[in-house]
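[1] Let's see this in three dimensions:
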Amino acid sequence: MTDSTKQYAVSKTDAEWKAQLSPAEFQVLRKAGTERAYTGEYTDTKTVGVYKCRACDAELFRSESKFDSHCGWPSFFSPLAEDRVEYIEDTTLGMKRVEVRCANCGSHLGHVFEGEGYNTPTDLRYCINSISLTLAPQ
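    Model (predicted):
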């Protein structure tokens, strides 16, 4: 799933990732899977804090950028900083989308969508799998 030519700060073999992550976490984070809509632990969370990559603990999103998009996954209008995530063109499933990965370890987080209907400061919706994140409450 990750770009084999890119060097990430955190780099592990599949065997090492499998030892660290649950099977469901491995499927989403390392194989670009998707958790079922409305099943993730952070979909409706209002807790103030920082959302981190579940694979490498990199800080990715702040709760202040989280909003209710009613799409079934936690949604954010911006990452904590642009250098925390990377964007990859995704043409799977017959659609053209933009995949969002952790810039620190290359783990799949979700997708970002653009649209004026999101009513956010950026007109963006980062649709992120709960299983890709951990929340550090403040």
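[2] in the protein, which ranges drop under the pLDDT threshold?
    1-5 (pLDDT under 70).
[3] So which residue is dead centre in it?
    residue 109 (2.3 Å; C-alpha atoms, centre = their mean).
[4] Identify each buried residue in the helix or strand where it lies, please.
    If you go by DSSP states H and E, residue 109 is part of strand 108-114. Of all the residues in strand 108-114, those buried under the rule 16 or more other C-beta atoms under 10 Å are 108-113. Backbone N, C-alpha and C define where each C-beta goes, glycine included.
[5] Dump these to TSV, plus distance to residue 82.
    Listed next are the buried residues of strand 108-114 as TSV, based on distance: C-beta to C-beta, whole Å:
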residue	distance to residue 82
108	18
109	14
110	16
111	16
112	12
113	17
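[6] just these now: which is nearest residue 136?
    Nearest to residue 136 out of those is residue 109 (C-beta to C-beta; 16.1 Å).
[7] tell me what the strand holding residue 109 is packed against?
    strand 85-90, strand 97-102, strand 124-128 (3 or more C-beta pairs under 8 Å, 6 or more residues apart in numbering; DSSP states H and E).
[8] So which of those has the densest surroundings on average?
    Highest mean neighbour count among those (mean count of other C-beta atoms under 10 Å): strand 124-128, with a mean of 23.
[9] Starting from that strand, tell me which strands it pairs with and how they run.
    strand 75-76 (antiparallel), strand 108-114 (antiparallel) (DSSP bridges).
[10] Figure out which of those is closest to residue 87.
    That would be strand 108-114 among those, by C-beta to C-beta, at 7.0 Å.
[11] Tell me what angle that closest one forms with strand 85-90.
    Here strand 108-114 runs at an angle of 80 degrees relative to strand 85-90 (axes from the mean of the first three to the mean of the last three C-alpha atoms, to 10 degrees).
[12] Out of the strands paired with strand 124-128, flag the one nearest residue 83.
    Among the strands paired with strand 124-128, if distance is taken as C-beta to C-beta, the winner is strand 108-114, at 14.5 Å.
[13] what distance separates that closest one from the centre of its chain?
    Here strand 108-114 shows a centroid-to-chain-centroid distance of 7 Å under the convention C-alpha atoms, centre = their mean, to the nearest Å.
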